[in-house]
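Trainee: Need a 3D model of the following:
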Amino acid sequence: MKHVPEAIGGGLAMAAVSTLGDYVWATWIPSPRVSFGLAHGVLVFLCVGAYLGAVAGQTAKGAMAGPIVGLLAAASYYALAPVLGRSAMFAAWIALWVALGLVNARLRRQPGGIRDALIRSSVAAISSGIAFYLISGIWFPFDPQGWDYAVHFASWTFAYLPAFLALLVEPKNRSMH
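Mentor: Residues are numbered from 1 along each chain as shown. Alright, predicted model coming up:
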C-alpha cells in the first residue's frame with residue numbers, strides 16, 4: 001500500500017489543528033457567531049487543502065481550494081441548522097469530504113476518472129462521517145476548563161483518519177502520479 005504514512009500524517013496534522021481550534025473556541029470566543037464559524041471552516045480546511053496539495057506536489061492549489069470547500073461547508077451548516085439542528089453538522093461534514101475528495105483527485109491527477117474519485121470521496125465521507133458522529137460528544141457538556149485536550153486530539157485523529165486513508169492510500173501496483 002502506498003501513501004499510508006501520508007494518510008496517517010494528515011490525520012495527525014488535522015487532529016492537531018482541530019484540537020487547537022477547540023481550544024481557541026473554548027478560550028477566546030465568548031459566544032458562537034456565524035462569522036466565527038465561517039472563519040473556523042476557512043482556516044481548518046485551508047490546512048486540509050494545503051496538506052492534500054502538498055502530498056500531490058501542488059500545495060498552493062490545495063491551499064486555495066481547501067478554504068473554499070471549508071467556507072461552503074460551514075455556510076451549509078448554518079443554512080441547514082435551523083431545520084436539522086445539530087444534525088446539520090454531520091450533513092456538512094459528509095458533503096465537505098465529497099468535495100475534498102474531488103479536489104484531491106484533481107490535484108493528484110488520479111487515474112480512474114470521476115467514477116473513481118466519487119467512490120473514494122464517498123468512502124471518505126461515509127467513514128469519516130461515522131467517526132465524526134462517534135466523537136461529537138467531546139464538546140458536551142460545554143466545560144472547557146475540564147476538557148482533556150489529549151482526548152480531543154485522539155478523537156479528532158479518529159475522525160480524520162478514515163477520510164485521509166480513503167483519499168490517499170493506493171494499492172502498491174497503482175501509481176497516482
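Trainee: Extract the residue ranges of the chain that are flagged as low pLDDT.
Mentor: For the chain, applying pLDDT under 70 flags the ranges 173-177.
Trainee: Recalculate using a threshold of 50.
Mentor: Scanning the chain for pLDDT under 50 picks out 176-177.
Trainee: in it, which spans are helices?
Mentor: Taking DSSP state H as the criterion, the chain contains helices spanning 4-28, 34-55, 59-84, 87-108, 113-135, 149-168.
Trainee: and the second one, how far out from the chain's middle?
Mentor: This points to helix 34-55. Computed by CA atoms, centre = their mean, to the nearest Å, the chain-centroid distance of helix 34-55 equals 8 Å.
Trainee: Just the CA coordinates for it, please, in CSV.
Mentor: What follows is helix 34-55 as a C-alpha-only set of coordinates in CSV (Å, rounded to 0.1, in the frame of the first residue of the first chain):
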residue,chain,number,x,y,z
VAL,A,34,-21.8,32.7,12.3
SER,A,35,-18.7,34.8,11.4
PHE,A,36,-16.5,32.8,13.7
GLY,A,37,-17.9,29.5,12.4
LEU,A,38,-17.2,30.6,8.8
ALA,A,39,-13.7,31.7,9.7
HIS,A,40,-13.1,28.4,11.5
GLY,A,41,-14.2,26.5,8.4
VAL,A,42,-11.9,28.5,6.2
LEU,A,43,-8.9,28.2,8.4
VAL,A,44,-9.2,24.5,9.3
PHE,A,45,-9.8,23.4,5.7
LEU,A,46,-7.1,25.7,4.4
CYS,A,47,-4.9,23.3,6.3
VAL,A,48,-6.6,20.2,4.9
GLY,A,49,-6.4,21.6,1.4
ALA,A,50,-2.7,22.6,1.8
TYR,A,51,-1.9,19.2,3.1
LEU,A,52,-3.7,17.3,0.3
GLY,A,53,-2.0,19.7,-2.1
ALA,A,54,1.4,19.1,-0.6
VAL,A,55,1.0,15.4,-0.9
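Trainee: Quick one: list the elements packing against it.
Mentor: Packing partners of helix 34-55 (3 or more CB pairs under 8 Å, 6 or more residues apart in numbering; DSSP states H and E): helix 4-28, helix 59-84, helix 87-108, helix 149-168. C-beta here means a position set from N, CA and C on the backbone, and glycine is covered the same way.
Trainee: buried sites along it?
Mentor: 36-55 (16 or more other CB atoms under 10 Å).
Trainee: before we move on, what about the longest one?
Mentor: Counting neighbours by 16+ other CB under 10 Å, one finds that the buried residues in helix 59-84 are 59, 61-63, 65-67, 69-74, 76-77, 80-81.
Trainee: re the thing from before, between the helices and strands packed on helix 34-55, which gets nearest to Ile130?
Mentor: Taking CB to CB as the criterion, Ile130 comes closest to helix 149-168 out of these, the separation being 7.8 Å.
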